[in-house]
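Engineer: dropping the sequence and predicted coords here.
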Amino acid sequence: MLSQIAIAALLASVAASPYDKRQSLGLVENCYHDFAITFDDGSVGSEYDLVDLFNENDSKATMFLNGYNYNCIYEQDSVDRIRNTYNSGMQIGSHTWSHRNLAELSEAEIDEQVELVNEAIWKIVGVRPKFLRPPYGSAPEWAVNYIQEKHGMVVVNWSEDSLDSQGASTDESIGIYDGFTDTTEPHLTLNHETYEGTPYTVMPSVVPSLVDRGYRLITVADCLDLEPYLEVGEPQERDETWTCDGKPAPLGY
Ligand SMILES: [Zn+2]
(Lines give C-alpha, C1' and ligand atoms only; values in the text may rest on other atoms or scores of the structure.)
Protein backbone atom coordinates (compact mmCIF):
# COMPACT_ATOMS: atom_id res chain seq x y z
CA MET A 1 0.00 0.00 0.00
CA LEU A 2 1.25 3.48 -0.80
CA SER A 3 2.24 5.55 2.17
CA GLN A 4 0.81 9.03 2.49
CA ILE A 5 4.22 10.42 1.53
CA ALA A 6 4.36 8.28 -1.61
CA ILE A 7 0.88 9.44 -2.59
CA ALA A 8 1.86 13.07 -2.02
CA ALA A 9 4.97 12.58 -4.19
CA LEU A 10 2.89 10.94 -6.90
CA LEU A 11 0.41 13.82 -6.89
CA ALA A 12 3.24 16.35 -6.95
CA SER A 13 4.74 14.67 -10.03
CA VAL A 14 1.37 14.85 -11.77
CA ALA A 15 1.05 18.53 -10.89
CA ALA A 16 4.56 19.16 -12.26
CA SER A 17 3.74 17.76 -15.69
CA PRO A 18 4.29 20.22 -18.56
CA TYR A 19 1.70 22.95 -18.54
CA ASP A 20 -0.56 23.06 -21.56
CA LYS A 21 0.21 26.40 -23.20
CA ARG A 22 -3.06 26.29 -25.12
CA GLN A 23 -4.67 27.20 -21.80
CA SER A 24 -2.60 30.38 -21.61
CA LEU A 25 -4.76 33.20 -20.32
CA GLY A 26 -2.27 36.02 -19.83
CA LEU A 27 -3.08 38.48 -17.05
CA VAL A 28 -6.72 38.11 -15.99
CA GLU A 29 -8.40 41.39 -15.04
CA ASN A 30 -12.08 40.53 -14.88
CA CYS A 31 -14.58 37.71 -14.55
CA TYR A 32 -16.29 36.21 -17.56
CA HIS A 33 -19.61 36.47 -15.71
CA ASP A 34 -21.04 37.42 -12.32
CA PHE A 35 -19.19 39.16 -9.50
CA ALA A 36 -16.08 38.09 -7.60
CA ILE A 37 -15.01 39.99 -4.48
CA THR A 38 -11.39 39.37 -3.50
CA PHE A 39 -9.34 40.13 -0.37
CA ASP A 40 -5.56 40.45 -0.30
CA ASP A 41 -2.86 40.40 2.38
CA GLY A 42 -4.39 37.93 4.87
CA SER A 43 -4.95 35.77 6.56
CA VAL A 44 -5.68 38.10 9.49
CA GLY A 45 -8.30 37.99 12.25
CA SER A 46 -11.05 39.80 10.34
CA GLU A 47 -11.22 36.86 7.92
CA TYR A 48 -13.55 34.99 10.32
CA ASP A 49 -16.02 37.88 10.13
CA LEU A 50 -15.76 38.12 6.36
CA VAL A 51 -16.42 34.41 5.98
CA ASP A 52 -19.49 34.67 8.25
CA LEU A 53 -20.79 37.67 6.30
CA PHE A 54 -20.48 35.95 2.93
CA ASN A 55 -22.02 32.75 4.25
CA GLU A 56 -24.97 34.62 5.75
CA ASN A 57 -25.62 36.10 2.30
CA ASP A 58 -25.28 32.78 0.43
CA SER A 59 -22.21 34.22 -1.26
CA LYS A 60 -18.56 33.33 -1.74
CA ALA A 61 -15.34 35.34 -1.69
CA THR A 62 -11.74 34.70 -2.68
CA MET A 63 -8.84 35.23 -0.26
CA PHE A 64 -5.36 35.77 -1.72
CA LEU A 65 -3.09 34.82 1.16
CA ASN A 66 0.49 35.67 2.00
CA GLY A 67 2.82 33.29 3.80
CA TYR A 68 4.73 35.86 5.79
CA ASN A 69 3.42 39.42 5.72
CA TYR A 70 1.24 40.76 8.58
CA ASN A 71 1.91 37.48 10.36
CA CYS A 72 3.28 34.01 9.75
CA ILE A 73 0.89 31.62 8.03
CA TYR A 74 2.07 28.75 10.25
CA GLU A 75 0.97 30.41 13.51
CA GLN A 76 -1.82 28.28 14.94
CA ASP A 77 -4.27 31.22 14.80
CA SER A 78 -3.67 31.52 11.06
CA VAL A 79 -3.87 27.78 10.50
CA ASP A 80 -7.25 27.57 12.29
CA ARG A 81 -8.60 30.59 10.41
CA ILE A 82 -7.48 29.42 6.96
CA ARG A 83 -9.03 26.00 7.57
CA ASN A 84 -12.30 27.71 8.53
CA THR A 85 -12.16 29.82 5.37
CA TYR A 86 -11.49 26.84 3.13
CA ASN A 87 -14.08 24.64 4.84
CA SER A 88 -16.65 27.41 4.36
CA GLY A 89 -16.26 27.15 0.59
CA MET A 90 -14.32 30.34 0.06
CA GLN A 91 -11.53 30.12 -2.53
CA ILE A 92 -7.94 30.26 -1.31
CA GLY A 93 -5.45 31.90 -3.67
CA SER A 94 -1.79 32.90 -3.44
CA HIS A 95 -0.61 36.45 -2.84
CA THR A 96 3.00 35.15 -2.74
CA TRP A 97 5.10 34.26 0.28
CA SER A 98 6.32 37.65 1.52
CA HIS A 99 4.62 40.24 -0.69
CA ARG A 100 7.56 41.12 -2.92
CA ASN A 101 7.14 43.08 -6.15
CA LEU A 102 7.47 40.46 -8.90
CA ALA A 103 9.02 43.02 -11.26
CA GLU A 104 12.06 43.20 -8.98
CA LEU A 105 12.63 39.45 -8.66
CA SER A 106 14.64 36.85 -10.54
CA GLU A 107 12.94 33.71 -11.79
CA ALA A 108 14.48 31.78 -8.89
CA GLU A 109 13.09 34.31 -6.42
CA ILE A 110 9.66 34.04 -8.04
CA ASP A 111 9.88 30.25 -7.68
CA GLU A 112 10.56 30.70 -3.97
CA GLN A 113 7.72 33.21 -3.52
CA VAL A 114 5.29 30.90 -5.33
CA GLU A 115 6.38 27.58 -3.86
CA LEU A 116 6.72 28.57 -0.19
CA VAL A 117 3.14 29.79 0.16
CA ASN A 118 1.70 27.02 -2.01
CA GLU A 119 3.49 24.50 0.18
CA ALA A 120 2.07 26.13 3.32
CA ILE A 121 -1.49 26.11 1.95
CA TRP A 122 -0.99 22.51 0.85
CA LYS A 123 0.03 21.50 4.36
CA ILE A 124 -2.66 23.52 6.11
CA VAL A 125 -5.73 22.73 4.00
CA GLY A 126 -4.54 20.19 1.42
CA VAL A 127 -4.87 22.22 -1.78
CA ARG A 128 -2.44 23.97 -4.10
CA PRO A 129 -3.89 27.28 -5.35
CA LYS A 130 -4.26 27.77 -9.10
CA PHE A 131 -4.66 31.55 -8.85
CA LEU A 132 -2.06 34.15 -7.87
CA ARG A 133 -2.68 37.82 -7.14
CA PRO A 134 0.58 39.72 -7.67
CA PRO A 135 1.57 42.07 -4.82
CA TYR A 136 0.88 45.73 -5.73
CA GLY A 137 -0.85 44.40 -8.87
CA SER A 138 2.63 44.41 -10.38
CA ALA A 139 2.43 41.90 -13.20
CA PRO A 140 5.01 42.33 -15.98
CA GLU A 141 4.19 40.14 -18.96
CA TRP A 142 7.33 38.04 -18.56
CA ALA A 143 6.40 37.22 -14.96
CA VAL A 144 2.78 36.40 -15.83
CA ASN A 145 3.96 34.02 -18.57
CA TYR A 146 6.69 32.53 -16.39
CA ILE A 147 4.30 31.80 -13.50
CA GLN A 148 1.81 30.25 -15.90
CA GLU A 149 4.31 28.09 -17.78
CA LYS A 150 6.51 27.07 -14.84
CA HIS A 151 3.88 26.76 -12.11
CA GLY A 152 0.62 26.31 -14.03
CA MET A 153 -0.94 29.22 -12.15
CA VAL A 154 -3.22 31.96 -13.41
CA VAL A 155 -2.22 35.53 -12.50
CA VAL A 156 -5.26 37.66 -11.70
CA ASN A 157 -5.63 41.36 -10.97
CA TRP A 158 -8.97 43.18 -10.83
CA SER A 159 -11.51 45.21 -12.79
CA GLU A 160 -12.25 47.69 -9.98
CA ASP A 161 -10.31 48.69 -6.86
CA SER A 162 -12.25 49.55 -3.68
CA LEU A 163 -9.29 51.89 -3.01
CA ASP A 164 -9.19 50.78 0.63
CA SER A 165 -5.40 50.58 0.47
CA GLN A 166 -5.20 53.94 -1.33
CA GLY A 167 -6.70 56.03 1.46
CA ALA A 168 -10.35 55.99 0.38
CA SER A 169 -12.94 56.47 3.13
CA THR A 170 -15.41 53.68 3.78
CA ASP A 171 -18.14 55.87 2.20
CA GLU A 172 -16.01 56.24 -0.92
CA SER A 173 -15.45 52.48 -1.13
CA ILE A 174 -19.17 51.80 -0.61
CA GLY A 175 -19.91 54.39 -3.32
CA ILE A 176 -17.80 52.47 -5.82
CA TYR A 177 -19.90 49.33 -5.22
CA ASP A 178 -23.17 51.28 -5.18
CA GLY A 179 -22.25 52.55 -8.65
CA PHE A 180 -22.64 49.05 -10.12
CA THR A 181 -26.15 48.63 -11.52
CA ASP A 182 -26.03 46.38 -14.61
CA THR A 183 -26.04 42.78 -13.36
CA THR A 184 -25.07 41.49 -16.80
CA GLU A 185 -21.66 43.20 -16.48
CA PRO A 186 -18.99 41.11 -14.71
CA HIS A 187 -16.83 42.54 -11.92
CA LEU A 188 -13.73 41.38 -10.06
CA THR A 189 -12.92 43.73 -7.19
CA LEU A 190 -9.85 44.35 -5.03
CA ASN A 191 -10.13 44.73 -1.25
CA HIS A 192 -7.89 44.07 1.75
CA GLU A 193 -8.61 42.14 4.95
CA THR A 194 -6.15 44.35 6.75
CA TYR A 195 -7.96 47.73 6.64
CA GLU A 196 -10.55 47.67 9.43
CA GLY A 197 -13.14 49.60 7.44
CA THR A 198 -13.27 46.91 4.77
CA PRO A 199 -14.46 43.91 6.85
CA TYR A 200 -16.41 45.92 9.44
CA THR A 201 -18.05 48.79 7.49
CA VAL A 202 -17.74 48.42 3.71
CA MET A 203 -18.49 44.71 3.29
CA PRO A 204 -21.43 44.57 5.74
CA SER A 205 -23.06 47.29 3.59
CA VAL A 206 -21.96 46.12 0.15
CA VAL A 207 -22.52 42.35 0.29
CA PRO A 208 -26.24 42.33 1.19
CA SER A 209 -26.84 45.31 -1.09
CA LEU A 210 -25.27 43.63 -4.13
CA VAL A 211 -27.23 40.44 -3.46
CA ASP A 212 -30.46 42.45 -3.11
CA ARG A 213 -29.71 44.11 -6.44
CA GLY A 214 -29.46 40.73 -8.14
CA TYR A 215 -25.71 40.13 -8.30
CA ARG A 216 -24.34 36.64 -7.71
CA LEU A 217 -21.18 36.84 -5.57
CA ILE A 218 -18.99 33.87 -6.50
CA THR A 219 -15.35 32.84 -6.40
CA VAL A 220 -12.76 33.91 -8.95
CA ALA A 221 -12.49 30.33 -10.23
CA ASP A 222 -16.26 30.07 -10.68
CA CYS A 223 -16.54 33.44 -12.44
CA LEU A 224 -13.89 32.23 -14.91
CA ASP A 225 -15.24 28.67 -15.21
CA LEU A 226 -11.91 27.22 -14.04
CA GLU A 227 -10.83 24.88 -11.26
CA PRO A 228 -9.69 26.73 -8.11
CA TYR A 229 -6.79 24.39 -7.32
CA LEU A 230 -3.95 22.64 -9.11
CA GLU A 231 -4.14 19.74 -6.70
CA VAL A 232 -6.50 18.61 -3.94
CA GLY A 233 -5.40 16.32 -1.12
CA GLU A 234 -5.67 16.21 2.65
CA PRO A 235 -4.55 18.65 5.34
CA GLN A 236 -1.45 17.57 7.21
CA GLU A 237 -0.35 17.55 10.85
CA ARG A 238 2.00 20.23 12.16
CA ASP A 239 5.68 19.28 12.12
CA GLU A 240 9.00 21.13 12.40
CA THR A 241 8.68 22.47 8.84
CA TRP A 242 5.68 24.60 9.86
CA THR A 243 7.73 27.73 10.48
CA CYS A 244 8.54 31.06 8.87
CA ASP A 245 12.05 31.03 10.37
CA GLY A 246 14.75 30.98 7.71
CA LYS A 247 12.28 31.94 4.98
CA PRO A 248 12.09 35.36 3.27
CA ALA A 249 10.81 37.97 5.73
CA PRO A 250 8.32 40.71 4.88
CA LEU A 251 9.80 44.04 3.85
CA GLY A 252 7.54 45.85 6.31
CA TYR A 253 5.55 48.04 3.92
ZN1 LIG B 1 -1.07 42.93 -1.16
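Structural biologist: Cool, got the structure.
Engineer: center of this structure - which residue?
Structural biologist: The centroid of the chain falls nearest to residue 64 when counting by C-alpha atoms, centre = their mean (2.0 Å).
Engineer: backbone dihedrals for that residue, please?
Structural biologist: The phi/psi pair for residue 64 (degrees, to the nearest 10) reads phi -100, psi 110.
Engineer: and the longest helix belonging to the chain, what does it pack against?
Structural biologist: Secondary structure assigned by DSSP state H gives helix 107-125 as the longest helix of the chain. The helices and strands touching helix 107-125, judged by 3 or more C-beta pairs under 8 Å, 6 or more residues apart in numbering; DSSP states H and E, are helix 76-87, strand 91-94, strand 127-129, helix 141-151. Bear in mind the C-beta positions are built from the backbone N, C-alpha and C, glycine included.
Engineer: let's see it at 6 Å
Structural biologist: Judged by 3 or more C-beta pairs under 6 Å, 6 or more residues apart in numbering; DSSP states H and E, helix 107-125 is in contact with helix 76-87, strand 127-129.
Engineer: okay, now the unreliable bits of the stretch 151-253 of the chain?
Structural biologist: Across the stretch 151-253 of the chain, the ranges flagged by pLDDT under 70 are 253.
Engineer: from it, which residue is nearest to the ion?
Structural biologist: At 6.8 Å from the ion, residue 192 is the closest residue in the stretch 151-253 of the chain, using C-beta to the ion.
Engineer: please name the bridge partners of that residue.
Structural biologist: When bridges are called by DSSP bridges, residue 192 pairs up with residue 40.
Engineer: from here on, count from 18
Structural biologist: Understood, numbering begins at 18; the last thing we discussed is residue 209.
Engineer: tell me which residues touch it, please.
Structural biologist: The contact partners of residue 209, by C-beta atoms under 6 Å, 6 or more residues apart in numbering, come to 57-58, 181-182, 215.
Engineer: report pLDDT for the residue nearest to the centre of the chain.
Structural biologist: Looking at residue 81, its pLDDT stands at 98.
Engineer: that one contacts residue 57, doesn't it?
Structural biologist: Yes: with contact defined as C-beta atoms under 6 Å, residue 81 counts as touching residue 57 (4.9 Å).
Engineer: which neighbours do these two share?
Structural biologist: Contact criterion C-beta under 6 Å, 6+ apart; residues shared by residue 81 and residue 57: 112, 150.
Engineer: sorry, back to before: can you add neighbour count and give the contacts of residue 209 back as TSV?
Structural biologist: As requested, the contacts of residue 209 are exported to TSV (neighbours: other C-beta atoms under 10 Å):
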residue	neighbour count
57	26
58	21
181	25
182	16
215	21
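Engineer: pull the distance from stretch 93-111 to the chain's centre.
Structural biologist: When distances are taken as C-alpha atoms, centre = their mean, to the nearest Å, stretch 93-111 is centred 10 Å away from the chain's centroid.
Engineer: how about that stretch: buried residues?
Structural biologist: By 16 or more other C-beta atoms under 10 Å, the buried positions in stretch 93-111 come out as 95-96, 98-99, 101-103, 107-111.
Engineer: quick check: mean pLDDT across that stretch?
Structural biologist: So the average pLDDT for stretch 93-111 ends up being 98.
Engineer: contacts for it next, please.
Structural biologist: Taking C-beta under 6 Å, 6+ apart as the rule, stretch 93-111 contacts 60, 64, 68, 72, 77-81, 88, 134, 138, 141-142, 146, 148-150, 236-238, 245.
Engineer: what of stretch 193-202?
Structural biologist: Here stretch 193-202 makes contact (C-beta under 6 Å, 6+ apart) with 179, 223, 231-232.
Engineer: ok, and the most crowded of the residues you listed?
Structural biologist: Highest neighbour count within the contacts of stretch 193-202, by other C-beta atoms under 10 Å: residue 179, with 28 neighbours.
Engineer: show me the contacts for that one.
Structural biologist: Neighbour list for residue 179: 190, 193, 206, 208 [criterion: C-beta under 6 Å, 6+ apart].
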